[in-house]
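Enquirer: Okay, predicted coordinates and the sequence, questions at the end:
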Amino acid sequence: MDNPKRKPTPPRKKFKAAPPKAEKSENTKAENTNPRPSNPKYKKPDESKIVSNTVRLNRFISNAGVCSRREADVLIEDGKITVNGKKIVEMGFKVKPTDTVKHEGKVLTTEKLQYVLLNKPKGFITTMKDERDRRTVMSLVEKACTERIYPVGRLDRQTTGLLLFTNDGDLAKKLMHPSHRIKKIYQIGLDKGLTQKDYDAIVAGLTLEDGLIEVDELAVLSDDNMNLGIEIHSGRNRIIRRIFEHLGYRVETLDRVMYGRLTKKNLGRGKWRKLTDQEVSRLG
């Protein structure tokens, strides 16, 4: 007989099977390796920019205004350069912006390359400083930039005209070397008219105390033959004055009117201006 007091058995609950776990795709795995996947502002460092911050030691020295790259190689080879207190003699060694580079105990800093063109007046000597306290061309360009620039070549005290200043040691070395044949044009005023004989002698080439000197071009600019134009690439000291003194003339005025492709256009006497990037590229 059935027991009327027995409680009925409750129905058993049915459990649903858990859904199968989805497999992670390769893309999901790649995303999970991102150190900060949930931060939309996170950007992976550009390794190419990190590498480009390094620079060869000889270039660093040149950019610091010490000397040209070739001369910097000699300093490195002679053990005169230290990086972070360690003497470096390895050619091609690279330095980072955080490195401390020293030459003979002096810390070197890279500078922005500057190119300044001056229309030099009379009465200034082309030197960085003068023991006799004479006026130098540096006083004319002292406000051009904060970097330490220096003149490329020389113009004597009484010569006027174009004079280039820079802290680019490589370019300065290149411009001053005769093989570069940088065009230099001068206007000359003589104390007397140039004869045909002397004109022919200059064009043919003169032998002075320091060897043969040849001009690229010579032109007579006035009817009295006292005003001339001369193109020359030699950088010898006082070479134009010595050419005419050798033939018995005195140079009354000497003005450099063109240097490479640079001219005095819109540049008053005693004034300076910075070169454009295009002008710099044409010089090099």
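Expert: Thanks, I have it. Residues are numbered from 1 along each chain as shown.
Enquirer: Please compute how far the helix or strand where Gly189 lies lies from its chain's middle.
Expert: In this assignment (DSSP states H and E), Gly189 forms part of strand 184-190. Distance of strand 184-190 from its chain centroid, counting by Cα atoms, centre = their mean, to the nearest Å, is 29 Å.
Enquirer: Partner strands of it, with direction?
Expert: strand 227-232 (antiparallel), strand 251-259 (antiparallel) (DSSP bridges).
Enquirer: Contacts for that strand next, please.
Expert: Strand 184-190 is contacted by residues 161, 221, 225-233, 240, 244, 249-259 when judged by Cβ atoms under 8 Å, 6 or more residues apart in numbering. (Each C-beta comes from the backbone N, C-alpha and C, glycine too.)
Enquirer: The very next helix or strand once past it vs strand 227-232, what angle?
Expert: Beyond strand 184-190 on the C-terminal side, the first helix or strand identified by DSSP H and E is helix 196-204. Orientation check (axes from the mean of the first three to the mean of the last three Cα atoms, to 10 degrees): helix 196-204 against strand 227-232 gives 20 degrees.
Enquirer: mind listing what's buried in helix 196-204?
Expert: Buried residues in helix 196-204, counted by 16 or more other Cβ atoms under 10 Å: Asp198, Tyr199, Ile202.
Enquirer: and which of the residues you listed is nearest to Val152?
Expert: Ile202 (25.7 Å; Cβ to Cβ).
Enquirer: For Gly85, which non-adjacent residue is spatially closest?
Expert: In space, and not counting its chain neighbours, Gly85 is closest to Thr100: 7.5 Å by Cβ to Cβ, 6 or more residues apart in numbering.
Enquirer: Now do the strands for the stretch 1-150 of the chain: every range, in order, please.
Expert: Assigned strands in the stretch 1-150 of the chain, in chain order: 55-56, 81-83, 86-87, 94-95, 101-103, 106-107, 115-120, 150-151 (criterion: DSSP state E, counting those that start in this stretch).
Enquirer: Which strands and helices lie in contact with the helix or strand hosting Arg241?
Expert: According to DSSP H and E, Arg241 maps onto helix 239-246. Here helix 239-246 touches strand 184-190, strand 206-208, strand 227-232, strand 251-259, going by 3 or more Cβ pairs under 8 Å, 6 or more residues apart in numbering; DSSP states H and E.
Enquirer: Quick one: closest of the strands paired with strand 184-190 to Arg154.
Expert: Judged by Cβ to Cβ, the one of those that comes nearest to Arg154 is strand 251-259, at 10.9 Å.
Enquirer: Buried residues in that closest one, which are they?
Expert: Applying a neighbour-count criterion of 16+ other Cβ under 10 Å, one finds Val251, Leu254, Asp255, Arg256, Val257, Met258, Tyr259 buried in strand 251-259.
Enquirer: As JSON lines, those residues with distance to Arg157 and pLDDT would be great.
Expert: Shown next, in JSON lines, are the buried residues of strand 251-259 (distance: Cβ to Cβ, whole Å; pLDDT from 0 to 100):
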{"residue": "Val251", "distance to Arg157": "13", "pLDDT": "98"}
{"residue": "Leu254", "distance to Arg157": "11", "pLDDT": "98"}
{"residue": "Asp255", "distance to Arg157": "14", "pLDDT": "98"}
{"residue": "Arg256", "distance to Arg157": "14", "pLDDT": "98"}
{"residue": "Val257", "distance to Arg157": "18", "pLDDT": "98"}
{"residue": "Met258", "distance to Arg157": "21", "pLDDT": "97"}
{"residue": "Tyr259", "distance to Arg157": "18", "pLDDT": "95"}
